[in-house]
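*Asks:* I need the structure of the sequence given here:
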Amino acid sequence: MNTAKTLPPDAFRRADETPDAHFYRSPRFVAHIDDGAIAAVTLVYREQFPAGGTILDLMSSWISHLPNEIAYSEVVGLGMNREELAANPRLSEYVVQDLNENPALPFADSRFDGAAICVSVDYLTDPVAVLTDAARTLKPGSPMVITFSNRCFPTKAIAAWHALDEAGRVQLVAHFLEQTGAFENIEAFDRSPVSREGRRIGDPLYAVIGRATGV
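*Replies:* Model (predicted):
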């Protein structure tokens, strides 16, 4: 399914349309969200991914934010920079692939018990194609967990991302999952860290989760 059927092509244009391989060729060993938001991501993963399961970390980097105390049988990463992936201690294997050039994942059907995209969904120029194929690699009922904040590389984020506020971005990501026709029970959560008084502190963190139908 092509995302362009539901949103105009301009929605997926970026300020920098040079090949992504050029942009990501140098490793960036930095955190893209603050400690509070990272902890929120880890909590979501703790809740959603089964201990001992096989996990797919899409658009991965040098850290996967998985809970340290939980062992998984495999954690497979797919990302853009080989040095970053090689430095990630949680990955049992990894693949270097530009999903904007090739959205087809090199993994068998129903291999994974869960999949994640962390603070990167806004860079996909055909997110529905990527998520449709990710659903193929998931066992029925397994979660696709997409987390994001309000930070990004602005020249590489799609135009639709820039045009929306935070609530709109949550709706957009849920829309991507719905358009695949391959996920059900799609839910969205605001997991932003808050103070004791209930005020948001630090980077916001949102999670949109759908479960693979196996269809």
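
*Asks:* drop to CA atoms for contacts and neighbour counts, all remaining ones
*Replies:* Noted.

*Asks:* who touches the residue nearest the centre of the chain in this structure?
*Replies:* With distances taken as C-alpha atoms, centre = their mean, the residue of the chain nearest its centroid is residue 117 (1.4 Å). By C-alpha atoms under 8 Å, 6 or more residues apart in numbering, the contact set of residue 117 is 57, 58, 59, 60, 145, 146, 147.

*Asks:* again, only using 7 Å
*Replies:* Contact analysis of residue 117 by C-alpha atoms under 7 Å, 6 or more residues apart in numbering lists 57, 58, 59, 145, 146, 147.

*Asks:* now the host helix or strand of it: mean pLDDT?
*Replies:* In this structure, residue 117 sits in strand 114-118 according to DSSP states H and E. Mean per-residue pLDDT for strand 114-118: 98.

*Asks:* could you do stretch 142-149 as well?
*Replies:* For stretch 142-149, mean pLDDT rounds to 98.

*Asks:* so for it, what gets flagged as buried?
*Replies:* By neighbour count on 16 or more other C-alpha atoms under 10 Å, the buried set for stretch 142-149 is 142, 143, 144, 145, 146, 147, 148, 149.

*Asks:* can you redo the residues you listed as JSON lines with secondary structure?
*Replies:* Listed next are the buried residues of stretch 142-149 as JSON lines, based on DSSP: H, G, I helix; E, B strand; the rest coil:
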{"residue": "142", "secondary structure": "coil"}
{"residue": "143", "secondary structure": "strand"}
{"residue": "144", "secondary structure": "strand"}
{"residue": "145", "secondary structure": "strand"}
{"residue": "146", "secondary structure": "strand"}
{"residue": "147", "secondary structure": "strand"}
{"residue": "148", "secondary structure": "strand"}
{"residue": "149", "secondary structure": "coil"}
